[in-house]
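S.K.: Predicted coordinates and the sequence they were generated for:
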Amino acid sequence: MLRPRYRKPFVATKSSVFSGSREKLRGELRVNEPMARHVSWRAGGSVAQAYLPMDLDDLLGFMRTLRHDEPLMVVGLGSNLLVRDGGYNGTVVFMHGVRRGLSELRLEPDGTIYAEAGVASPKLARFAANNQRAEAEFLAGIPGTVGGALTMNAGCYGGETWNYVERVLMITRQGEKVIRQREDFTIGYRHVGLNAASDEVFAAAWFRFPVGEIETARQRISELLKRRIAQQPLQYPNAGSVFRNPAGDHAARLIEAAGLKGAWLDGAQVSEKHANFIVNPDGKASATAIEMLIGRIVAAVFEKQGVELMREVRIVGEMPRSERGSQALDDRFEVKASK
Ligand SMILES: Cc1cc2nc3c(=O)[nH]c(=O)nc-3n(C[C@H](O)[C@H](O)[C@H](O)COP(=O)(O)OP(=O)(O)OC[C@H]3O[C@@H](n4cnc5c(N)ncnc54)[C@H](O)[C@@H]3O)c2cc1C
């Protein structure tokens, strides 16, 4: 039975390749998988069980083995995600991974590009450019997957993922495929919601980008990447912009004006290069420290500017027991310009 039901406390066990010939599953099942390996912040706790599907059919098969009440989370490249140090007591499915994952990417006869959820967004940008498609260039600088971009309506430099989505392929908890149109969703700034109660997740999308020129698109990709390198602290583990920009303003400006640029909390730092980024320079920050620093920023910006910052990064899982209600870590908050 494909269910090494994880139970607390998490006990580190060796990752195992699942030989699921019984269920005809071809992916890899791991128990107590540390999520610091899978999120761009390189911090956080473990998940009870993780499945790395071989492909879409394999994932459908796996979904059919899940109990209806099993907590389920789908993860792309973890570039917008933090799992608390107490871990996530459920199942995670990795769309992009050591197994092939959901990696199909092709130009369809109707001119759309079909991209599965595990395809990295920069790969989709380059594929579109090479196939004489324009306006996909912005995706080159977003270091997640197509599934993550669909979930977050990821965007930058004037481009937004859902501006180009014609339809999507969703999968249900029961392992069924459902095709949905753009009109089935409410689409907003870094937010997308299905207009129906459902527990479906994104498996793929058909994108329609306007026809363009290969060289122009390639040049734009390289310009956008240069801008990112100049503006963002890409040398350190981070999760991009921590907060959404409030209407008519920039979260980075507000954080800087609150005097928090460079502030530290136990290994987590408000980036000196871009104040809306929290970095983990030595790779030693805990998820708790990162979350507490986020809380400090929200409180300081509200106190000084009266603006309530809304988080863009997703935080899931449980706080470790030792840190619940603890003042100790919060007391290690320091505001200073450098390390
Ligand atoms: C250096 C850096 C720069 C960034 N710049 C930008 C930027 O310019 N613009 C921007 O919008 N974002 C930016 N981000 C944030 C992040 O890259 C995007 O939000 C990205 O789209 C997340 O994709 P992911 O695959 O990493 O998602 P994950 O972090 O793995 O997941 C994010 C959320 O989506 C859910 N999810 C993931 N895949 C699926 C799926 N297939 N079906 C259902 N739910 C799913 C997860 O459960 C989670 O809740 C940046 C991040 C970094 C580290």
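M.R.: Thanks, I have it.
S.K.: unless I'm mixing things up, M310 is touching F243, no?
M.R.: Yes: using CB atoms under 8 Å, M310 is in contact with F243, at 6.4 Å. C-beta coordinates here come from the backbone N, C-alpha and C atoms, glycine included.
S.K.: Please say which of those two ends up with more neighbours.
M.R.: Each of M310 and F243 has its neighbours counted (other CB atoms under 10 Å); F243 has more, 24 against 14.
S.K.: from memory the more buried one sits against E308, does it?
M.R.: No: counting by CB under 8 Å, F243 does not reach E308; the two are 10.0 Å apart.
S.K.: Can I take it that K123 is in a helix?
M.R.: Yes: when DSSP: H, G, I helix; E, B strand; the rest coil is applied, K123 is found to be in a helix.
S.K.: got a list of what it touches?
M.R.: Contacts of K123 were listed using CB atoms under 8 Å, 6 or more residues apart in numbering, and they are L105.
S.K.: Quick check: it vs A251, distance?
M.R.: Distance of K123 to A251, given as CB to CB, to the nearest Å: 28 Å.
S.K.: Tell me, what's the model's pLDDT at the residue nearest the centre of the chain?
M.R.: Nearest to the geometric centre of the chain sits N80, at 3.5 Å (CA atoms, centre = their mean). Here, the pLDDT recorded for N80 equals 98.
S.K.: my read: it touches R311, true?
M.R.: No: with contact defined as CB under 8 Å, N80 does not count as touching R311 (10.2 Å).
S.K.: where's the residue nearest to the centre of the chain relative to T216, distance?
M.R.: When N80 is compared with T216 (using CB to CB), they lie 29 Å apart.
S.K.: same deal with V39?
M.R.: Note on V39: its distance to T216, by CB to CB, is 34 Å.
S.K.: got it, and S198?
M.R.: Distance from S198 to T216, by CB to CB: 39 Å.
S.K.: residues touching the residue in the stretch 201-339 of the chain positioned nearest to the ligand, list them.
M.R.: Sorted by distance to the ligand under CB to the nearest ligand atom, the residues of the stretch 201-339 of the chain start with G240, at 2.4 Å. G240 is in contact with 40, 79-80, 142-143, 232, 277, 312-313, counting by CB under 8 Å, 6+ apart.
S.K.: Restrict those to those that also contact the ligand, please.
M.R.: Contacts with the ligand are made by 40, 79-80, 142-143, 232 out of the contacts of G240, judged by CB under 6 Å from any ligand atom.
S.K.: quick one: which two of the residues you listed are the most distant?
M.R.: N80 and Q232 (14.2 Å; CB to CB).
S.K.: pretty sure R133 contacts F209?
M.R.: Yes: using CB under 8 Å, R133 is in contact with F209, at 3.9 Å.
S.K.: Check the contact lists of these two and give me the overlap.
M.R.: Counting by CB under 8 Å, 6+ apart, the residues touching both R133 and F209 are I113.
S.K.: other SSEs contacting the helix or strand D57 falls within?
M.R.: Assessed by DSSP states H and E, D57 sits inside helix 56-65. Contacts defined by 3 or more CB pairs under 8 Å, 6 or more residues apart in numbering; DSSP states H and E place helix 56-65 against strand 165-171, strand 201-207.
S.K.: mind giving me TSV with those and columns for mean neighbour count, mean pLDDT and distance to the ligand?
M.R.: Formatted as TSV, these follow (neighbours: other CB atoms under 10 Å; pLDDT from 0 to 100; distance: least, CB to the nearest ligand atom, whole Å):
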stretch	mean neighbour count	mean pLDDT	distance to the ligand
strand 165-171	21	97	8
strand 201-207	24	98	4
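S.K.: In JSON lines: these, plus distance to F333.
M.R.: JSON lines is the format used below for these (distance: least, CB to CB, whole Å):
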{"stretch": "strand 165-171", "distance to F333": "41"}
{"stretch": "strand 201-207", "distance to F333": "37"}
